[in-house]
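1. no sequence on this one, just coordinates:
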């Protein structure tokens, strides 16, 4: 290779041809030539040795082993000095490399690789070892050029992990990406002759480096070094270049792995962030639910007293005739308390619908009786607002149905009260109840959502072919069809002025929609502004035959067996006073406890000091010890007869869902008729002989 750099190719061809001719001459001919030309004796000896070497080489086999290579495979960096700067004027034969144009990007990539000052790795050591073996050098390095130094990721024959950047040969190599940088004799190169790494340790005489270039950005080199001058064959150059590319690929792989790890870390961080956000949302939802529960409890406690005392006053009218104006005041208080109770219930019901904690409580109901009670309640409201309220029940409708009476009543009451609220004086509100069958198509008003005909599948197999259609039609202000979806959203009304004009929480229709979906039903709306609206509820049901209920209550009193004591746990003073007064009217003296702890102590004392059987009514939310905690302790007490424990709660459905083990669960505000019936049931269970008292 060095020969081809000093002799013209044509001259080389002629010389080889001459050697070929010499190999064809006989020894006699060669002796004659020496006799004629004695001066060429030494040259002839060298020529003959060359011929002998050519004969030993299998040139054809060598050519077959080599892959066709382009000139770029063995490109060598320029030897020019335009990319260098003199380090010291006093040292003329030492020049440092200029800063690359892409220095900022280059240093950023090095930083992203996180490889500077990292520990040695076997893969780089193995590549370097192979390079030094192939190139027959005693030193080498995988070098990375930092801002002011070169760092050796791997080194052989060098006793340091870094050097300054100014004296680094690799600083010159990286200026020409993808080209070998070769210095065969540093003593003959003005850029390096007086370099400290040449004049001192490790006394570099030869250097060859392959830039580690990602794209056109060179980060360092794979270099082989010797303290003897030498040159590389074509094969050695190709091998060094390919090993450099292999080393470069390791850097690329490292970068991709780091990017992948960063992405995984980001995903993990995002996942953790989502988990935290989810925990925060759940915590906030729980806190909101707890807040609403506390708020409704605080609102319901005085409200229960108002409703309860109103009931007592109205019941006392049978024995004491109240003046007309006082009676009207009491009725107004009762109406106001119902409105307030409805608002509180809407907030509580919304939390149940929104959290999915609402279940259906099926029972056999008299649908005509339900509609009659709704008509009586809403008729009074309509009368006060001077709105005409009419009802119509289809004669073909089954009297007995298996359905959730409470929720059905709630959705109908919501729709009717809304209709009355938005209907002006003198106009009408209609409530119609019809029976439909899935054997025929359910025909709905053409302008309703779903447009025309619709067929429904029942909620359960037993309910197929039976639907009740409840329609509420008013002659009110109507609703903009574009606002249909909005009015069924939580805390939303048709527009902002609706709340100011007509009041309300904006939860009524959201609750209606939630309950209807829970009952496997559908809700539809038809409306025209300034003419009125029609809401239709279609829910499946199972018909049943109602049992006749004989009234067993013959007096307002309930006789307790002599060996029974009535004990009530209630933390609110007004509620205590109300419940004591209620039981006293029935001829029963009740023992009142302020919390669950006092209740347990009282029951324990009764059981240990007498043979009396406690009959217990307990509130759920109380300080010190709540009703559920008290229940667990009461059930653990040793008794000859199981204790009868009834819960009093503002959220009876939620408590039934938990099923903690109460014998009965009554809602608050307390319905005294229901409480009296439950007390009779308890007494009858304790002593069947008292059942007919």
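-> That came through, no problem. No experiment lies behind these values; they were computed from the predicted model shown.
2. what about the stretch 51-200 of the chain, any weak spots by pLDDT?
-> For the stretch 51-200 of the chain, residues meeting the criterion pLDDT under 70 lie at 51-82.
3. All the strands of it, in order from the start?
-> All strands of the stretch 51-200 of the chain, identified by DSSP state E, counting those that start in this stretch, fall at 84-88, 91-97, 139-145, 149-156, 162-164, 181-183.
4. Mean neighbour count and distance to residue 683 for these - can I get that in TSV?
-> Heads up, the C-betas are built off the backbone N, CA and C, glycines and all. Listed next are the strands of the stretch 51-200 of the chain as TSV, based on neighbours: other C-beta atoms under 10 Å; distance: least, C-beta to C-beta, whole Å:
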stretch	mean neighbour count	distance to residue 683
strand 84-88	14	110
strand 91-97	18	106
strand 139-145	26	93
strand 149-156	21	92
strand 162-164	17	96
strand 181-183	22	107
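5. Tell me where the longest helix sits in the chain.
-> helix 234-316 (DSSP state H).
6. Report the distance from that helix to the chain centre.
-> Per C-alpha atoms, centre = their mean, to the nearest Å, the displacement of helix 234-316 from the mean C-alpha position of its chain is 5 Å.
7. circling back: CSV for the strands of the stretch 51-200 of the chain, including distance to residue 607?
-> Shown next, in CSV, are the strands of the stretch 51-200 of the chain (distance: least, C-beta to C-beta, whole Å):
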stretch, distance to residue 607
strand 84-88, 103
strand 91-97, 99
strand 139-145, 86
strand 149-156, 84
strand 162-164, 87
strand 181-183, 100
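8. For residue 419, which of these is the nearest?
-> Closest approach to residue 419 among those is made by strand 139-145 (81.0 Å; C-beta to C-beta).
9. between the closest one and strand 91-97, what angle do the directions make?
-> Orientation check (axes from the mean of the first three to the mean of the last three C-alpha atoms, to 10 degrees): strand 139-145 against strand 91-97 gives 60 degrees.
10. Could you spell out the sheet neighbours of strand 139-145, each with its direction?
-> Here strand 139-145 is paired, per DSSP bridges, with strand 149-156 (antiparallel), strand 217-226 (antiparallel).
11. what angle separates that strand from helix 234-316?
-> Using the same axes, to 10 degrees: strand 139-145 against helix 234-316 is 40 degrees.
12. Show residues contacting strand 139-145.
-> Contact with strand 139-145 is made by 106, 110, 115-116, 124, 127-128, 131-132, 150-158, 165, 168, 170-171, 174, 202, 204, 209, 212, 218-227, 247, as judged by C-beta atoms under 8 Å, 6 or more residues apart in numbering.
13. hmm, 7 Å instead?
-> 110, 115-116, 124, 128, 131-132, 150-158, 165, 168, 170-171, 174, 202, 219-226, 247 (C-beta atoms under 7 Å, 6 or more residues apart in numbering).
14. Just the buried residues out of those, in ChimeraX syntax.
-> Buried residues among these (16 or more other C-beta atoms under 10 Å), as a ChimeraX selection:
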select :110,115,124,128,131,132,150,151,152,153,154,155,156,158,165,168,170,171,174,202,219,220,221,222,223,224,225,226,247
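15. ok, how many other residues are close to residue 466?
-> Residues within reach of residue 466, counting by other C-beta atoms under 10 Å, total 20.
16. Ignoring the adjacent residues along the chain, who's closest to residue 546?
-> Closest residue in space to residue 546, ignoring its immediate chain neighbours: residue 400 at 4.1 Å, by C-beta to C-beta, 6 or more residues apart in numbering.
17. got a list of what that neighbour touches?
-> Each residue near residue 400 by C-beta under 7 Å, 6+ apart is listed here: 364, 366, 543, 544, 545, 546.
18. cool, and residue 171?
-> Residues in contact with residue 171 (C-beta under 7 Å, 6+ apart) are 96, 97, 145, 150, 165.
19. if you skip the residues just before and after it, what's nearest to it?
-> residue 97 (3.8 Å).
20. So the one you found sits against residue 86, correct?
-> No - the pair residue 97 and residue 86 fails to qualify as a contact (C-beta atoms under 7 Å) at a distance of 11.6 Å.
21. picking that back up, how near is the residue nearest to residue 546 to residue 368?
-> From residue 400 across to residue 368, the span is 10 Å (C-beta to C-beta, to the nearest Å).
22. Dump the strands paired with strand 139-145 to JSON lines, plus distance to residue 380.
-> Formatted as JSON lines, these follow (distance: least, C-beta to C-beta, whole Å):
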{"stretch": "strand 149-156", "distance to residue 380": "91"}
{"stretch": "strand 217-226", "distance to residue 380": "86"}
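23. Would you tell me which of those gets closest to residue 470?
-> Closest to residue 470 of the strands paired with strand 139-145, according to C-beta to C-beta: strand 217-226, at 75.8 Å.
24. Give the buried residues for the helix or strand hosting residue 392.
-> Assigned by DSSP states H and E, residue 392 belongs to strand 388-393. The neighbour-count check on strand 388-393 (16+ other C-beta under 10 Å) flags 388, 389, 391, 393 as buried.
25. what does stretch 663-678 give?
-> Neighbour count says stretch 663-678 has 663-670, 672, 675-678 buried, by 16+ other C-beta under 10 Å.
26. now the end-to-end length of it.
-> Using C-alpha to C-alpha, to the nearest Å, one end of stretch 663-678 lies 10 Å from the other.
27. Stretch 610-628 now?
-> Using C-alpha to C-alpha, the end-to-end distance of stretch 610-628 comes to 25 Å.
28. And the contacts of it?
-> Contacts for stretch 610-628 (C-beta under 7 Å, 6+ apart): 297, 563-571, 595-597, 599, 603, 606, 630, 641, 643-649, 655, 660, 682, 686.
29. I'd like the average pLDDT over it.
-> What stretch 610-628 shows for mean pLDDT is 89.
30. Okay, buried residues for that stretch please.
-> In stretch 610-628, counting by 16+ other C-beta under 10 Å, buried: 613-622, 625-628.
31. Then stretch 100-115?
-> Neighbour-count burial for stretch 100-115 flags 100, 102, 106, 107, 109, 110, 113, 115 (criterion: 16+ other C-beta under 10 Å).
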